[in-house]
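A.B. asks: I'd like to go over a predicted model; first the sequence, then the structure.
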Amino acid sequence: MSPKTLTEKILSRAAGKDVSPGDVIEAKVDIVAFHDLTGYHVIEVMEKAEMLKVFDKNKIVIAFDHLAPPPDVRSAEIQGYIRKFVRSQGIPNFYDINYGILHEVLIEQYANPGQVILAADSHTTTSGAVGAFAQGMGASDIAAAVITGKTWLVVPQPFKVILEGKPAKWITGKDVALKLLGDFKADYFNGMSIEVFVKDSLSFPMDYRATVSNMGIEMNADALMFIPDQETKRYIKEMRGYEPEIITPDNNAKYVDEYTIQLDKLEPLVAAPHSVDNVKVVNELEGTPVDQVYIGSCTNGRLSDFEIAAKIMKGKRVKSRCIAIPASYKMFKEALEKGYIQTLVDAGCIVTYGTCGPCLGGHFGIAGPGENIVSTSSRNFKGRMGSNDAKVYLSGPAVAAISAIEGKITDPRVI
Ligand SMILES: CC(C)[C@H](C(=O)O)[C@@H](O)C(=O)O
Ligand code: SF4
C-alpha cells in the first residue's frame, strides 16, 4: 500500500475503503452539529422530507451562539423551535444560551483525532486543531447527515505546512493564519486540505492551533488539520480527562506541496479592510485611530487570548471602546479564576460570554458608519461587523489589546 497522508487515512477509514485525492466518496460521519441560526433550516429540511429522526442522538451536538442571548423576538422564537426538536429527539449534547460558541464546544468536549466532523457553519474547520477532518456544510447537507450519519465528499489534495521554532514575542496562531493568507491569498487552497506539522509540538499550543484551523475556511481549504502529537494528547487529557488515540500520516506520504513557516521570525500581522488576505505587518498601519476593539469569537476567544490581553491591559485604561467575549463558559470561568476578567473590567472593557454577537455584526456591539474596528475574529468583509462604512482590521490578541489601550493601531513589540 502506498504511504498515506492524514487526509487519506481519515477519509479511507470513513469510506471503508482506500481513497485517494480526487475520489468522490461516501463517508461515515462521527459528529454532526449545528447552531441556532442554521439549525432552524436544518430542522426545516428534515420536516419537509418527513424524516425527523436523527441517526444517532449521541453524535449530534447543538449549541446556541449566533442568536444568544436572543436579541429580538424572532431569535427567541427560533431557539424555542430548536429546543422543542432537542426535547423530542432526546439529544443530550445540547448547549443553551448560557454556554458558548459551537466550535469551541466541539474542540473542548467532542472532537477527536481521526474523526469526520460536519457542522452547519463554515468555521467547523476549527476542530481540525485536534486532527479531525472537519468541514462546514449548508443546511441541506447537514440535514442529510443528521438523518443518515453519512455524507459525500471529494477527497481533497493534501498540502503540508511545517511550523519551525518557537513563536517570537506576542506571536500567536492568528499571525500564522494571516501569514498563510497573505502569502497564498484567500482562494489558493481551494480543493486542498492543509496538514500542519509542528516540529516542536509543545511550542505551538492548542489555543493557537484552533485559531489557525478556524481560519482554514478563510483560505478556502476543505480542512485544516494539525497532525496529532503530544500537544493534542495534553489538551484532550486536560479538557476531558482521557488521552485520545492519535493518528498520523505515514512517512513519505505524498503532498501537492509544502511550505515552512519560521515562528521565531514572524512579526505581528493585521488583515486590513476589506479582505482577510490584505495582510500587513502591524507597523505599516501604526497610528490608525481605533473606535472599538473586539477580543473574542471562535477564532480568538480562548484562555491564552485573555491572558495576553490581561498582561497588556494590567493597570491601564482603554482609550477605545473594548468588548471582550470568551468563547465559552469554561473559558470565561478560567479567565475569571485567573484574574484576567478582573483586569479587563478594571481597564474599562465590557465582558460577557457565550455569543457570536459582534463577530458577524449580529448584536452586542455593532460597528457604526465611519468607525474603525480592531477585531480578533475571522472576517473583515465590508459590513461584516455592522455598517458597510466601517473598517475592520483583524489581528491577534496582543495587537488588539495594545490598540485598545492606545486608541490607535499599535505594535505590541513596544512593550
Ligand atoms: C451564520 C453562519 C452560517 C456563518 C458561517 O457559516 O460561518 C457565521 O458563523 C460566520 O462566521 O459568518
Ligand atoms: S464567532 Fe464568528 S466566526 Fe465563529 S461561528 Fe460565530 S459568527 Fe461565525
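C.D. replies: Everything's here; your move. Ligands and ions are numbered 1, 2, ... in the order given.
A.B. asks: could you measure from the spatially closest residue to residue 64 that is not a sequence neighbour over to ligand 2?
C.D. replies: Excluding the flanking residues, the one nearest residue 64 by CB to CB, 6 or more residues apart in numbering is residue 36, at 4.4 Å. To be clear about C-beta, it is placed using only N, CA and C from the backbone, and glycine gets the same treatment. Per CB to the nearest ligand atom, to the nearest Å, residue 36 is found 11 Å from ligand 2.
A.B. asks: can you count the residues close to residue 36?
C.D. replies: 24 (other CB atoms under 10 Å).
A.B. asks: quick check: residue 254 touching residue 7?
C.D. replies: No: Residue 254 is beyond contact range of residue 7, at 11.0 Å (criterion: CB atoms under 8 Å).
A.B. asks: more neighbours, those two?
C.D. replies: Shown here are residue 254 and residue 7; by other CB under 10 Å, residue 7 has more neighbours (26 against 16).
A.B. asks: so the more buried one touches residue 158, yeah?
C.D. replies: Yes: using CB under 8 Å, residue 7 is in contact with residue 158, at 4.5 Å.
A.B. asks: re the thing from before, who touches the residue nearest to residue 64 in this structure?
C.D. replies: Contacts for residue 36 (CB atoms under 8 Å, 6 or more residues apart in numbering) come out as 63, 64, 65, 66, 67, 68, 75, 78, 79, 82.
A.B. asks: leaving out sequence neighbours, find the closest residue to the fourth one.
C.D. replies: Counting by CB to CB, 6+ apart, the nearest residue to residue 66 once its immediate chain neighbours are dropped is residue 37, at 3.9 Å.
A.B. asks: please, which helix or strand holds that neighbour?
C.D. replies: helix 36-48 (DSSP states H and E).
A.B. asks: that older thread, which ones among the contacts of residue 36 are found in strands?
C.D. replies: Using DSSP state E, the subset of the contacts of residue 36 located in strands is residue 63.
A.B. asks: same for ligand 2: which of the contacts of residue 36 are within range?
C.D. replies: 65, 66 (CB under 6 Å from any ligand atom).
A.B. asks: for the longest helix seen in the chain, give the mean pLDDT please.
C.D. replies: In terms of residue count, the longest helix belonging to the chain (DSSP state H) is helix 73-89. Mean pLDDT, computed over helix 73-89, is 98.
A.B. asks: and for it, what's in contact with it?
C.D. replies: 36-37, 39-40, 43, 52-54, 57, 60, 62, 64, 67-68, 70, 91, 94, 96-97.
A.B. asks: also stretch 272-287?
C.D. replies: 178-179, 181-182, 184-186, 215, 218, 267-271, 378-382, 391-395, 399, 408-412.
A.B. asks: stretch 340-359 near ligand 2 at all?
C.D. replies: Yes: using CB under 6 Å from any ligand atom, stretch 340-359 reaches ligand 2 at 356, 359.
A.B. asks: span of that stretch from start to end?
C.D. replies: One end of stretch 340-359 to the other measures 21 Å (CA to CA, to the nearest Å).
A.B. asks: for ligand 1, what are the nearby residues on the chain?
C.D. replies: Checking the chain against ligand 1 by CB under 6 Å from any ligand atom, the hits are 37, 38, 66, 121, 122, 123, 136, 360.
A.B. asks: please redo it, this time with the cut-off set to 5 Å
C.D. replies: Neighbours of ligand 1 within the chain, by CB under 5 Å from any ligand atom: 37, 121, 122, 360.
A.B. asks: residues contacting residue 379?
C.D. replies: So residue 379 contacts 218, 276, 359, 360, 392, 394 (CB under 8 Å, 6+ apart).
A.B. asks: quick one on the thing from earlier: among the contacts of residue 36, which two are most distant?
C.D. replies: The most widely separated members of these, counting by CB to CB, are 63 and 75 (14.5 Å).
A.B. asks: if you count surrounding residues, which of the two has more?
C.D. replies: Applying other CB under 10 Å to residue 63 and residue 75 shows that residue 63 carries more neighbours, namely 28 against 21.
A.B. asks: please name the bridge partners of the more buried one.
C.D. replies: residue 35, residue 95 (DSSP bridges).
A.B. asks: ok, back up a step: burial count for the residue nearest to residue 66?
C.D. replies: Neighbours of residue 37 (other CB under 10 Å): 22.
A.B. asks: residues touching it, list them.
C.D. replies: 66, 67, 78.
A.B. asks: of those residues, closest to ligand 2?
C.D. replies: When those are compared for distance to ligand 2 (CB to the nearest ligand atom), residue 66 wins out at 6.0 Å.
A.B. asks: and the gap between the closest one and residue 47?
C.D. replies: 21 Å (CB to CB, to the nearest Å).
A.B. asks: what's the neighbour count on the closest residue to residue 40 other than its chain neighbours?
C.D. replies: Setting aside the residues directly before and after it, residue 40 is nearest to residue 78 in space (CB to CB, 6+ apart), at 4.8 Å. For residue 78, the neighbour count with other CB under 10 Å is 21.
A.B. asks: and the gap between the residue in the stretch 201-350 of the chain that ligand 1 sits nearest to and residue 23?
C.D. replies: Residue nearest to ligand 1 within the stretch 201-350 of the chain: residue 217 (7.2 Å; CB to the nearest ligand atom). Separation of residue 217 from residue 23 (CB to CB): 22 Å.
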